[in-house]
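Undergrad: Below are the sequence and a predicted model; questions follow.
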Amino acid sequence: MKRSEINEAIRFAIGMLETWRWSLPAWGQWTSADLAANPEAAQYLRSRQLGWDVTDFGSGRFAEQGLVLFCLRNGILGVDGERTYAEKLLFIEEGQLTPAHLHKAKQEDIINRAGGDLVIEFCAADAADKTTACDVTVLVDGIEHRLGTWEPLILHPGQSVTIPTGLYHRFYGAMGTGPVLVGEVSQVNDDRTDNYFLEPIGRFADIEEDEPPLRPLWNEGSV
């Protein structure tokens, strides 16, 4: 993925935040130079995976299969005294797929905060992470919904779904409804270790540097 594509994706996300009047912490505007000038803060942020995250999941087709995230709060998995919870914002364009994956450490709520409709689909997994044909039951704002394998669940703005551990899920913005600003509230998580994709793909993009970064990504640089 070219750096210029990452920069453009971040500009798009910033535009969505302005549209829906969401504000980021001050360090959400930091450049690489700002991080270098604040080494203790930079270490805190990177060790907790806070900040920008742009990925094409190694596909080379960001518009079709990609995601922009901003991690607002998180702890360090397995470390006493750390936050036990996390919060993210996700910026999803129409038809832009986050591929099927499950988590083994975190339960999460996916929340349609504003914009278009979010389509999310589920598939149960067995103990070996193989898909099954079993129906699944999820909570939509606390109310049980029973769904068939990969049956689309549409979340309108304001709606949320609770995703337990061990359940495959994939999602995208519904065509014709506009980009979606999504919230994620979850248990503390480690994105380096707790994403189990159904297909053999990568979590992070391989970056081709064709221009300077607009904002650094949390997974760049050492902790």
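TA: Happy to help now that I have it.
Undergrad: C-alpha from now on. contacts and neighbour counts both.
TA: Will do.
Undergrad: Which residue comes closest to Asp206 once chain neighbours are left out?
TA: Nearest residue to Asp206 in three dimensions, chain neighbours excluded: Met1, at 5.9 Å (CA to CA, 6 or more residues apart in numbering).
Undergrad: And for Gly28?
TA: Gly51 (6.2 Å).
Undergrad: Ok, Asp194 next?
TA: Nearest one to Asp194, counting by CA to CA, 6+ apart, is His103 at 5.4 Å.
Undergrad: Tell me the spacing between that neighbour and Tyr44.
TA: 24 Å (CA to CA, to the nearest Å).
Undergrad: out of the two, which sits in the busier spot?
TA: His103 (22 against 13; other CA atoms under 10 Å).
Undergrad: Dihedrals phi and psi, the more buried one?
TA: Per-residue torsions, His103: phi -120, psi 150 (degrees, to the nearest 10).
Undergrad: Hmm, the residue nearest to Asp206 is touching Ile207, no?
TA: Yes - applying CA atoms under 8 Å as the test, Met1 and Ile207 come out as touching, 4.9 Å apart.
Undergrad: neighbour-wise, which of these two wins?
TA: Legend: neighbour count by other CA under 10 Å for Met1 and Ile207, higher for Met1 (21 against 15).
Undergrad: if we can go back for a sec, in the sheet, who's paired with the residue nearest to Gly28?
TA: On the basis of DSSP bridges, Gly51 is bridged to Cys71.
Undergrad: For it, the count of nearby residues, please.
TA: 25.
Undergrad: surely it meets Glu87?
TA: No - counting by CA under 8 Å, Gly51 stays clear of Glu87, with 10.9 Å between them.
Undergrad: Just the mean pLDDT for the helix ranked longest in the chain, thanks.
TA: In the chain, assigned by DSSP state H, the helix with the most residues is helix 3-19. For helix 3-19, the mean per-residue pLDDT is 97.
Undergrad: what's in contact with it?
TA: Identification of contacts with helix 3-19 by CA atoms under 8 Å, 6 or more residues apart in numbering yields 23, 54, 68, 91, 181, 207-215.
Undergrad: Could you do stretch 37-56 as well?
TA: Contacts of stretch 37-56 (CA under 8 Å, 6+ apart): 1, 6, 9-10, 27-28, 35-36, 62, 65-76, 190-191, 203-205, 215-219, 222-223.
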